[in-house]
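> make a model of this:
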Amino acid sequence: MNKIKLLTCVTFVCLMTTSAIADGHGNHVYGPFPVTLKGYSGDKTNSVSYSGQVGRQLLHNSLKKALSKDASLETLQSYFNGSDGNLPILDPVSSDKFIVDHTNVNDISKTNLSGKAYKGEMAGWPGGMTGKEVLASMIAHGADAPGGYDEKHGYDYAQLVSKFMMGGVFYHQACDNYLDEKLEAGNKPNNKPYKDGAYYTGKEHSWDEAFGYWGAAAHGATLTPKQNYNVAKKKDMVAADANSDGVVNLKSEMNYAHAYYASAFDKGGKTKYYKTITQAFIDGRQVIADANGDALSETERNTIMGKARVICSNWERVIAEAVFKYAGSVYGDLEKLKSGGDAKTYRGYVKHWGELKGFALSLHTSNQNLGELGQKIDGLIKFGPVVGGVTPSQITMNTQRVSGVDDAGNYTFQEASVDEYMLYMLRLQKLMEDEFGVVAKNKDKLAGISNLAEKLGSGESVEND
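Sure thing, here's the model as predicted:
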């Protein structure tokens, strides 16, 4: 059994209710947790710290906004690589109905995204680039496109960058580093500070950093899916403002990235991704706090490793749900375009394809080797959407990359079939259902798979090439 199957076969654990996974402490808020570091004599009383991760959440939000607003390449790179200067928070910003407590990323954390991006080669994007290079290339080419939108080639760079960055930085760092390598007994042990001068232990801070990448509000497990969704959308100040001080604390009271998507899926009532993941983080952190600054016992470490598996298997499924959803959106857009859809429909199609591709690339960046499954996913989505009018075509090679000085990019197109690509979207939905066990299944179009396959003369309506 390969790694991905090991991950997805624990559905009965991953979809347990919040009460079933709790450890009996009755705590549904992430922190405060006491300082347990032996020999610490400072004035800190709360050992929770993940401001660097929140800073990266804000860099990501702001970079996406800047890409869509025709910002200069220099500005875009400042959000990707970090900057010593002023880095205005472009999202979220205060309004009369939703007031946030910071306006500058560097006031929360002076950090960057590029240094944390996936360093492995991305098979699903051409050019033999690493995840970091793919993001840098997308950002550079997005700067050359009006509003980050390349109509000719079918690329919405704001969506491509955003959705892949959520996976290639946040998901990757959490599930391929902090909840994987740093849970090893000898790596960042609990009876030593995380680093010289720290007031938190190695395991405390490693767990906190993973939670910061998840992107949930510290009190999010006490809210309903609709409330969490509206917090992320900046529509519910009351739900966000947990301490009722009149402002939303961007470090602890805001929902970001995949936590936001989890709440969106949970609103349908079929899933509990947000609470399951967030509660597993809370329960695991309590186990670490209860160790009281001693090295974790094998039993304690096995317990938090179990929580990590719940977190990462559900997190992966949230991403797979997004792939399922946007495959359905792309299918629906192509239906409309075949019936004479206008420029607005085409713009929505390109947007949805960018979201689909960004989320799909993300699945490659955890500690799970997708192997043949990853090849199937990439083969169905390809390197670009089907574009063109009378003779539709699709990018088969795109050599754009960044290597010191950005290259112009060379594109190769080949003739493509709209109906065939629509069938691929249905096969992709079936793949997410069969291999990842998606449950919410937003934009489910699978009912049409047999008819479309029959129309194309395919006898493999539910199989994947």
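> so residue 91, which state does it fall into?
Of the three states, residue 91 takes coil under DSSP: H, G, I helix; E, B strand; the rest coil.
> surely it and residue 66 touch.
No: using C-beta atoms under 8 Å, residue 91 makes no contact with residue 66, being 9.4 Å away. No exception for glycine: its C-beta is placed from N, CA and C like everyone else's.
> among the two, which residue is more densely surrounded?
residue 66 (24 against 15; other C-beta atoms under 10 Å).
> next, the contact list for the more buried one, please.
Residue 66 makes contacts with 75, 76, 79, 90, as judged by C-beta atoms under 8 Å, 6 or more residues apart in numbering.
> now, these that are in strands?
Using DSSP state E, no member of those falls in strands.
> inside helices: which ones of those?
Counting by DSSP state H, the contacts of residue 66 place 75, 76, 79 in helices.
> please report how far the first one lies from residue 352.
If I follow you right, that is residue 75. 26 Å (C-beta to C-beta, to the nearest Å).
> between these two, who's got more neighbours?
Neighbour totals were compared for residue 75 and residue 352, and residue 352 leads with 24 against 20 (other C-beta under 10 Å).
> what's the distance between residue 319 and residue 251?
The gap separating residue 319 from residue 251 is 24 Å, by C-beta to C-beta.
> neighbour-wise, which of these two wins?
Taking neighbours as other C-beta under 10 Å, residue 319 and residue 251 compare with residue 319 leading, 27 against 22.
> which other helices and strands contact the helix or strand harbouring the more buried one?
Using DSSP states H and E, residue 319 sits in helix 298-338. Judged by 3 or more C-beta pairs under 8 Å, 6 or more residues apart in numbering; DSSP states H and E, helix 298-338 is in contact with helix 3-8, helix 11-14, helix 202-214, helix 257-266, helix 273-290, helix 343-362, helix 418-436.
> worst mean pLDDT among those?
Here those differ in mean pLDDT, and the lowest is helix 11-14 at a mean of 32.
> residue 413: what secondary structure?
strand.
> do I have it right that it meets residue 392?
No: counting by C-beta under 8 Å, residue 392 is not a contact partner of residue 413; they are 9.8 Å apart.
> centroid residue for this protein?
residue 166 (3.5 Å; C-alpha atoms, centre = their mean).
> nearest residue to that one other than its sequence neighbours?
Among residues not flanking residue 166 along the chain, residue 257 sits closest, at 4.7 Å (C-beta to C-beta, 6 or more residues apart in numbering).
> return the distance of the one you found relative to residue 164.
Counting by C-beta to C-beta - residue 257 and residue 164 are separated by 12 Å.
> which of those two has more neighbours?
Remark: of residue 257 and residue 164, residue 164 carries more neighbours, 29 against 24, as counted by other C-beta under 10 Å.
> contacting residues for the closest residue to that one other than its chain neighbours?
Excluding its sequence neighbours, the residue lying closest to residue 164 (C-beta to C-beta, 6+ apart) is residue 358, at 4.1 Å. Neighbouring residues of residue 358 by C-beta under 8 Å, 6+ apart: 159, 160, 161, 162, 163, 164, 165, 166, 167.
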